[in-house]
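Trainee: model this:
(one chain, ligands or ions: 1)
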Amino acid sequence: MALLTTLSFLALISSVVQGYAIPNPNQPSGRATADRNAKVLILGGGVAGIIAARTLHEQGIKDFVVVEARDELGGRLKSTTFAGKTVELGANWVQGTQTGNGPKNPILTLVEKHKVKTMYSDTTGSITTYDHTGAVDFLDTFYSSAEAYENLTVAAGANNYTFNADEGGFSEENRLCVEQRGFKTFIQEEAKSFLKPSQLRLKSFVKNISWSASGVKVTLDNGESLAGDYAICTFSVGVLQNDDVKFTPSLPATHQGDFSERIESLADDQVKQEVMSVLGAMYPNITVPAPLEFMFPRWYSDPLYRGSYSNWPPSFVQQHHDNLRANVGRLYFAGEATSQKYFGEFCFGINGALLKGSIDHRLLAWSIRRGSGYGEGGG
Ligand SMILES: Cc1cc2nc3c(=O)[nH]c(=O)nc-3n(C[C@H](O)[C@H](O)[C@H](O)COP(=O)(O)OP(=O)(O)OC[C@H]3O[C@@H](n4cnc5c(N)ncnc54)[C@H](O)[C@@H]3O)c2cc1C
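Mentor: Coordinates of the predicted model:
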């Protein structure tokens with residue numbers, strides 16, 4: 001799903017660039033008065049937020065707090081119980097594993113470390129194709145279209161490289177999560193290994209983020225405020241585009257893209273009917289029995305996500321990525337959509353979330369210790 005149209009994205013970028021303020025590194029720390037202070041506020045407890053926290057921890061910076069709206073960590077790693085079994089509502093594949101002694105997918109490393117069960121999955125290898133008359137084999141067309149699409153995105157500079165080992169990806173292999181504790185287990189267990197209770201605020205919905213060259217103040221929906229010398233915002237690009245969270249001064253002028261919102265606006269019963277009619281067309285000679293249970297996740301309507309994952313248009317180039325993740329004052333951005341190499345298209349997102357939660361924050365940690373932020377003037 002494309003989260004942004006080209007135009008809306010360009011509006012976002014130009015506003016970020018216009019709103020970019022180069023802070024004075026010699027200016028004293030100016031934390032706004034707040035109910036609680038920390039050196040670094042990490043906004044969001046998904047993969048990017050937890051890996052950012054782990055990186056600061058490893059770099060000896062312990063004065064941080066992770067602020068998360070939900071009652072658990074994991075973000076778009078979200079599971080539920082359906083028909084008595086754990087099913088994933090969000091991510092459920094480790095995309096790309098390892099080629100020979102090449103780089104290993106860091107998600108796989110965490111999955112193995114925390115004994116999260118996965119199994120080999122051939123993803124598109126066992127697809128059956130249908131048209132309105134029933135099963136019709138047009139896999140050749142499907143595969144050649146997929147290849148053409150990939151060639152096009154490589155040529156346009158908008159490819160996601162998780163799989164392609166020649167491009168620094170991991171491997172062509174996928175592993176499907178079959179863990180009854182949920183896929184989120186790998187990041188929740190990782191968090192447990194270093195995060196202290198005082199470093200975590202669950203059930204804390206951020207309503208307002210005030211940023212400046214000297215600090216960041218965050219106001220929660222219960223009116224409480226938190227102040228930090230720095231903040232790292234890992235909210236999805238869908239959240240940044242929406243007005244669920246207010247930025248002061250405002251970030252970009254946000255515009256809605258062409259989202260596939262229609263289906264999410266329907267009642268469950270209507271969605272069920274539509275699904276049944278598609279199944280009826282796929283299996284014209286069979287009476288498809290009504291489902292015993294039905295569940296339909298609505299990622300777009302959820303104010304914590306506003307979409308599933310980013311999929312940038314071909315005109316989205318290096319400079320756009322650089323602008324998207326550029327800090328404004330002492331407010332930094334991380335998360336799946338800020339990774340140029342592993343952004344969220346076709347489920348590759350966790351790697352983007354993990355790598356962007358880690359690499360930049362080592363630099364940030366280094367600069368915090370020096371007394372000025374990474375990306376700040378002289379930082
Ligand atoms: C349906 C689906 C399938 C996917 N499949 C795969 C897959 O198979 N493999 C793969 O690699 N990737 C997959 N992805 C993508 C992957 O889940 C994401 O790229 C990754 O989890 C993003 O992590 P993040 O930390 O960047 O963002 P998030 O997980 O979105 O973390 C942001 C956190 O911020 C919190 N938050 C948001 N707003 C507020 C607020 N106002 N106040 C406080 N907290 C807030 C959210 O609750 C969330 O915990 C899938 C995603 C979806 C939705």
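Trainee: and the lengthiest helix in the chain, how far out from the chain middle?
Mentor: Selection of the longest helix in the chain by residue count, based on DSSP state H, yields helix 139-155. Distance of helix 139-155 from the chain centroid (C-alpha atoms, centre = their mean, to the nearest Å) equals 25 Å.
Trainee: list the buried ones in it?
Mentor: Neighbour counts using 16 or more other C-beta atoms under 10 Å place residue 153 of helix 139-155 among the buried residues. C-beta coordinates here come from the backbone N, C-alpha and C atoms, glycine included.
Trainee: check which helices and strands the following helix or strand past it sits against.
Mentor: Once the chain leaves helix 139-155, the next helix or strand it forms, by DSSP states H and E, is strand 174-177. Helices and strands touching strand 174-177, by 3 or more C-beta pairs under 8 Å, 6 or more residues apart in numbering; DSSP states H and E, are strand 93-95, helix 106-113, strand 118-121.
Trainee: can you count the residues close to the nearest residue to residue 176 once chain neighbours are set aside?
Mentor: Closest residue in space to residue 176, ignoring its immediate chain neighbours: residue 121 at 3.8 Å, by C-beta to C-beta, 6 or more residues apart in numbering. Using other C-beta atoms under 10 Å, residue 121 has 17 neighbouring residues.
Trainee: ok, now residue 309?
Mentor: 26.
Trainee: isn't it right up against residue 336?
Mentor: Yes. Between residue 309 and residue 336 there is a contact under C-beta atoms under 8 Å: 6.1 Å.
Trainee: please name the residues that touch residue 38.
Mentor: 63-65, 226-228 (C-beta atoms under 8 Å, 6 or more residues apart in numbering).
Trainee: hmm, try it at 10 Å
Mentor: 31, 62-67, 198-199, 201, 226-231 (C-beta atoms under 10 Å, 6 or more residues apart in numbering).
Trainee: so, low pLDDT: which residues of the stretch 151-300 of the chain?
Mentor: Counting by pLDDT under 70, the ranges of the stretch 151-300 of the chain that qualify are 156-168, 252-260.
Trainee: residues from it in reach of the ligand?
Mentor: Taking C-beta under 6 Å from any ligand atom as the criterion, the neighbours of the ligand within the stretch 151-300 of the chain are 205-206, 234-236, 239, 244-245, 299.
Trainee: spit out the contact partners of residue 279.
Mentor: Contacts of residue 279 by C-beta under 10 Å, 6+ apart are 130, 286, 288-289, 291.
Trainee: give me the buried entries from those.
Mentor: Among those, those buried by neighbour count (16+ other C-beta under 10 Å) are residue 130.
Trainee: wait, the residue nearest to residue 176 touches residue 97, no?
Mentor: No. Using C-beta atoms under 10 Å, residue 121 makes no contact with residue 97, being 11.0 Å away.
Trainee: between the two, which contacts overlap?
Mentor: 173-175.
Trainee: take these and write them to TSV, including neighbour count.
Mentor: Converted to TSV, those look like this (neighbours: other C-beta atoms under 10 Å):
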residue	neighbour count
173	18
174	21
175	21
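Trainee: and the gap between residue 73 and the ligand?
Mentor: Noted for residue 73: a distance of 7 Å to the ligand, by C-beta to the nearest ligand atom, to the nearest Å.
Trainee: list the contacts of residue 53.
Mentor: Contacts of residue 53 (C-beta under 10 Å, 6+ apart): 40, 42, 45, 61-62, 64-66, 73, 190-191, 194-195, 199-200, 232, 357, 361.
Trainee: host element of it?
Mentor: Counting by DSSP H and E, residue 53 is found in helix 47-58.
Trainee: pull stretch 129-142 out as CSV, backbone CA atoms only.
Mentor: C-alpha atoms of stretch 129-142 as CSV (Å, rounded to 0.1, in the frame of the first residue of the first chain):
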residue,chain,number,x,y,z
THR,A,129,-4.1,-18.1,-9.4
TYR,A,130,-7.7,-17.4,-10.2
ASP,A,131,-9.8,-15.2,-12.4
HIS,A,132,-13.6,-14.7,-12.5
THR,A,133,-14.1,-18.2,-14.0
GLY,A,134,-12.2,-20.0,-11.3
ALA,A,135,-8.7,-21.4,-11.1
VAL,A,136,-6.6,-20.3,-14.1
ASP,A,137,-2.8,-20.7,-14.2
PHE,A,138,-1.3,-17.3,-15.0
LEU,A,139,1.8,-17.7,-12.7
ASP,A,140,4.1,-17.0,-15.6
THR,A,141,2.5,-13.6,-16.0
PHE,A,142,2.5,-13.1,-12.3
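Trainee: name the surrounding residues that touch that stretch.
Mentor: Applying C-beta under 10 Å, 6+ apart, the set of residues contacting stretch 129-142 is 124-125, 127-128, 145, 278-279, 281-286.
Trainee: what about it, average pLDDT?
Mentor: The average pLDDT for stretch 129-142 rounds to 86.
Trainee: which non-adjacent residue is nearest residue 93?
Mentor: residue 174 (5.1 Å).
Trainee: from residue 267, how far out is the one you found?
Mentor: 34 Å (C-beta to C-beta, to the nearest Å).
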